[in-house]
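Chemist: Sequence unavailable; structure follows:
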């Protein structure tokens, strides 16, 4: 999901119901932070933190 996940009471109830259903199915609902949980990105960040690409001297984010 992306933020905002709901803008009115009906939408909030829908998101809560979806979250409860996901829990029953042993799934998760993630809002706006998907990449923090994606295995490939986690592994890449680990390699960067371990120095695999050398010293970081600049960065750009979108």
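Modeler: Here it is on my side, so go on. Bear in mind the structure is a predicted one, so any value in this text is a computation, not a measurement.

Chemist: use CA for all of it now, contacts and neighbours both
Modeler: OK.

Chemist: C-terminal to the longest helix anywhere in the chain, what's the next element?
Modeler: When the chain is scanned for its longest helix (criterion: DSSP state H), the result is helix 9-24. Downstream of helix 9-24, the first helix or strand assigned by DSSP states H and E is helix 34-37.

Chemist: Now find how far off-centre that next one is within its chain.
Modeler: Centroid separation for helix 34-37 versus its chain: 3 Å, with C-alpha atoms, centre = their mean, to the nearest Å.

Chemist: Quick check: which helices or strands does that helix pack against?
Modeler: Using 3 or more C-alpha pairs under 8 Å, 6 or more residues apart in numbering; DSSP states H and E, the elements in contact with helix 34-37 are helix 39-49.

Chemist: Please list the outside residues in contact with the helix it packs on.
Modeler: Taking C-alpha atoms under 8 Å, 6 or more residues apart in numbering as the criterion, the residues outside helix 39-49 that touch it are 35, 36, 53, 54.

Chemist: please redo it, this time with the cut-off set to 10 Å
Modeler: Counting contacts by C-alpha atoms under 10 Å, 6 or more residues apart in numbering, the residues outside helix 39-49 that touch it are 34, 35, 36, 50, 51, 52, 53, 54, 55, 56.

Chemist: neighbours around the fourth one, how many?
Modeler: Other residues within reach of residue 50, judged by other C-alpha atoms under 10 Å, total 10.

Chemist: Please report the distance of it from residue 41.
Modeler: Residue 50 sits 14 Å away from residue 41 when distances are taken as C-alpha to C-alpha, to the nearest Å.

Chemist: ok, now the fifth one?
Modeler: Here the distance between residue 51 and residue 41 works out to 15 Å (C-alpha to C-alpha).

Chemist: do the second one as well
Modeler: Note on residue 35: its distance to residue 41, by C-alpha to C-alpha, is 6 Å.

Chemist: Report the helix or strand with the lowest average pLDDT across the chain.
Modeler: For the chain, using mean pLDDT, DSSP states H and E, the weakest element among its helices and strands is helix 34-37, scoring a mean of 77.

Chemist: So what touches that one?
Modeler: Surrounding helix 34-37, the residues in contact under the criterion C-alpha under 10 Å, 6+ apart are 1, 2, 30, 41, 42, 45.
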